[in-house]
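K.L.:
got a predicted structure plus its sequence, pasted below:
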Protein chains: 2
Amino acid sequence: MRLRCPVCGKTYDEPVQRCECGEPVEFEPFSGEPYIGKTVWERFWDFWPIEPVLELSLGEGDTPLVRSKLGDEFGVRLYLKNETVNPTWSFKDRGTFLALSHALKASYKAVGTVSTGNMAASVSAYASRFGLRAKILVSQSASDEKLKAVSVYGGEVIRVLGDYGRLYFESLAIGEKLGIYFINSDNPFRIEGYKGIAFEIAEEISPDYVLIPTSSGGLFRGIAKGFIELKESELIDELPTLIAVQAEGCSPICTAFREGKARIERFKRPKTIAKAIANPYPPSGNAVLKLLREFGWKCVSVSDEEILEAQRKLAGEGLFVQPASATGVAALRKLELPEGARVVSILTGSGLKTPGDVQAGKIKECPLGRLEGCLKGA
Amino acid sequence: MRLRCPVCGKTYDEPVQRCECGEPVEFEPFSGEPYIGKTVWERFWDFWPIEPVLELSLGEGDTPLVRSKLGDEFGVRLYLKNETVNPTWSFKDRGTFLALSHALKASYKAVGTVSTGNMAASVSAYASRFGLRAKILVSQSASDEKLKAVSVYGGEVIRVLGDYGRLYFESLAIGEKLGIYFINSDNPFRIEGYKGIAFEIAEEISPDYVLIPTSSGGLFRGIAKGFIELKESELIDELPTLIAVQAEGCSPICTAFREGKARIERFKRPKTIAKAIANPYPPSGNAVLKLLREFGWKCVSVSDEEILEAQRKLAGEGLFVQPASATGVAALRKLELPEGARVVSILTGSGLKTPGDVQAGKIKECPLGRLEGCLKGA
């Protein structure tokens, strides 16, 4: 910015304090867009590894914390952190935005990810928003219908024939070679983005427990890192107890934790309705195990039946979530939490993404002429 | 609340100022839940007809205003008000919350609505949240698949056989008789809820134009009332020009406006991809016409082709919307707005609700062993 004398008009590139004519100088007029609102990115400005590219934000984060009655039968105070109202309707957007901010500053022309679900849609959307190409690697079995919500944003969708598990590492290696920045489930910028969930919770309440649906481990690590940074910064006094929640049908982290193993093992024959958390060999599994042991945290797994029951109960509170998002509430029955504990459960993604997992309710038919009787009848 | 003497312990039900023992009195300790956050309901507390039942809020409203490049080719500054991140992923939640607040205070045990789409899901969700029964009247042609997103919340879905257009008025009459509070498209509490969109926009920018997808007319009336109240309260200096946008295939309001008619007429053979705004005989049509004329506002209609093009462009900005929500951006081409005008377009509902309207992108196949070549190729 240049300085200018408001009296004689002379301009200066160096930081003088008064004009040669003796008058004061001032900066030339600024023009631009104000940053709209006061977002979690701005409130916690010191806590990000890079400056978020705010002018390309889609408004990710700053999600509501909703009070729920579903804790009542367990004697706890339950709050739901509703991540289904992010721009692509899952928590992934927080991490994607920060990772794209990095990719843009680092002059990448293309980004990629390995996912068929929430992360695929999120990376496809933000890549277009940031003006970068996107390569979305999906598994052989992903349906065309499901991939619409990914390709609609303009990302290139590539169905990879072969061992999908190997893709995580292969994509990183090939991406580095070709100059494509792969933003997979536990990319370090992604982890940073998820810290915002911890920050926002801490601004509103002091939770005793946080229930986190856990698959790759990226979300768990991000929320943990957020609370740990708040504690280290003396902004909170106590860390909450974090609880990793997995589906029984795919629970490699809980299994290793329970068996006292130092490292996770590939979960054999994974099978669960909670497909968004069905990674049989989570890339951040060992990192999560270490956190659980270091802080005395917990891992709990829930059955598909319990998940579907929790999904129904959440819908009865007005919140329709993916099966994976219901695991936290499902876990309440498995845990014996102290009376009156403040518990937050993370709702990770919208139920609209997985309509096939929901039973249609019974639909009555009624001729218009008999409407009064039909309405009375119920 | 009772008063208590902190010295002798005597309690009082009447508002005394000091205890008989001569010491000061104080209110007994309060306990409860703090209202989390500082919502649009609280910031504009004086502007609602009733006290919103904040403890049952799902976090509706306070949606992001996103800066868009899509105005550049028309020389305007475009902002997108993203209503797709409401709790049931459409703007309807704002109105539903306020109408349910009324229904609860007025001791109704059941509510109802006439809708097969966004409003049906919203009323079903909030009725469950508020502990009331819901009667959702849908048309004969609504598919079971689409109704899943309604019945999942627990509302009773009734497919009415007969003239769907008559249902709006019949439901109000029968509902009144049976003690079911029908929250249809232009219920007065619903209109009040939509004012929040105007309030939030005005907190962030001073728009010159606001583009509003218009069907029943409820959303248009709500946003108009919001801006008018801000002006009357001397909180803004100028009203923006509001522009009602309709689909060419169902544009009863624009037709009557163009032809100088005092009242709308039923639109014959409505046919448009923007099903959420395809009401052929909008119940608030005459009220919208009056507003358009009184304030010198505009009505513009857009073709299905233009709508789909705008939907694709919005997805390229990272925002996947229903066809109806893309009409505002589609209208930019039809309007000759002044260079540099500040324009807000309302994105009314999520694209996940209408996946059938989107073409799947082309999907490449690639064997894992040839991944490098496939990634290079693009």
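P.N.:
All right, it came through fine.

K.L.:
can you point me to the longest helix in chain A?
P.N.:
Counting by DSSP state H, the longest helix found in chain A is helix A:188-204.

K.L.:
which strands and helices lie in contact with it?
P.N.:
Packing contacts for helix A:188-204, counted by 3 or more CB pairs under 8 Å, 6 or more residues apart in numbering or on different chains; DSSP states H and E, involve helix A:40-43, strand A:65-68, strand A:77-82, helix A:92-105, helix A:218-232. For every residue, glycine as well, the C-beta is placed using N, CA and C.

K.L.:
does the second one reach chain B?
P.N.:
Yes: contact of strand A:65-68 with chain B is found when judged by CB under 8 Å from any CB of the partner chain, involving A:Leu65, A:Val66, A:Arg67.

K.L.:
can you select the buried ones from the residues you listed in PyMOL?
P.N.:
To isolate the buried members of the residues of strand A:65-68 next to chain B in PyMOL, using 16 or more other CB atoms under 10 Å in any protein chain shown:
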select buried, chain A and resi 65+66+67
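
K.L.:
dump the residues of strand A:65-68 next to chain B to CSV, plus pLDDT.
P.N.:
Shown next, in CSV, are those (pLDDT from 0 to 100):
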residue, pLDDT
A:Leu65, 96
A:Val66, 96
A:Arg67, 95
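
K.L.:
and which of the residues of strand A:65-68 next to chain B is nearest to B:Lys135?
P.N.:
Of all these, B:Lys135 sits closest to A:Val66, with 24.9 Å by CB to CB.

K.L.:
identify the residues contacting the spatially closest residue to the closest one that is not a sequence neighbour.
P.N.:
Leaving aside its sequence neighbours, A:Val66 sits nearest to A:Leu80 (CB to CB, 6 or more residues apart in numbering or on different chains; 4.6 Å). Residues in contact with A:Leu80 (CB atoms under 8 Å, 6 or more residues apart in numbering or on different chains) are A:Leu65, A:Val66, A:Arg67, A:Ser68, A:Leu314, A:Glu317, A:Leu319, A:Val329, A:Val344, A:Ser345, A:Leu347.

K.L.:
how much space is there between A:Phe227 and A:Ser206?
P.N.:
Relative to A:Ser206, A:Phe227 is positioned 11 Å away (CB to CB, to the nearest Å).

K.L.:
repeat that for A:Asp237.
P.N.:
Distance from A:Asp237 to A:Ser206, by CB to CB: 8 Å.

K.L.:
which one of those two has more residues nearby?
P.N.:
A:Ser206 (11 against 8; other CB atoms under 10 Å in any protein chain shown).

K.L.:
need the nearest residue in space to the residue nearest the centre of chain A, chain neighbours excluded.
P.N.:
Central residue of chain A (CA atoms, centre = their mean): A:Phe91, 2.3 Å from the mean position. Leaving out its chain neighbours, the residue that sits closest to A:Phe91 by CB to CB, 6+ apart is A:Glu83, at 3.8 Å.

K.L.:
re the thing from before, most packed of the helices and strands packed on helix A:188-204?
P.N.:
helix A:92-105 (a mean of 26; mean count of other CB atoms under 10 Å in any protein chain shown).

K.L.:
right, and the helix or strand after that one?
P.N.:
Using DSSP states H and E, the helix or strand that follows helix A:92-105 in sequence is strand A:110-114.

K.L.:
thinking again about what came up before, what's the mean pLDDT across the longest helix of chain A?
P.N.:
Computed over helix A:188-204, the mean pLDDT rounds to 96.

K.L.:
export it as CSV, just CAs?
P.N.:
Only the C-alpha atoms of helix A:188-204 are listed here, as CSV (Å, rounded to 0.1, in the frame of the first residue of the first chain):
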residue,chain,number,x,y,z
PRO,A,188,-2.7,-33.0,8.0
PHE,A,189,-4.6,-29.9,6.9
ARG,A,190,-7.8,-31.9,7.0
ILE,A,191,-7.1,-32.8,10.7
GLU,A,192,-6.5,-29.1,11.4
GLY,A,193,-9.9,-28.2,9.9
TYR,A,194,-11.7,-30.6,12.3
LYS,A,195,-10.2,-28.8,15.3
GLY,A,196,-12.9,-26.2,14.7
ILE,A,197,-15.5,-28.7,16.1
ALA,A,198,-13.7,-28.8,19.4
PHE,A,199,-13.3,-25.0,19.5
GLU,A,200,-17.0,-24.3,18.8
ILE,A,201,-18.1,-26.9,21.4
ALA,A,202,-15.8,-25.3,24.0
GLU,A,203,-17.2,-21.8,23.3
GLU,A,204,-20.6,-23.0,24.2
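
K.L.:
and after that helix, which helix or strand comes next?
P.N.:
Scanning forward in sequence from helix A:188-204 by DSSP H and E, the next helix or strand is strand A:209-213.

K.L.:
I'm done for today, thanks for sticking with me.
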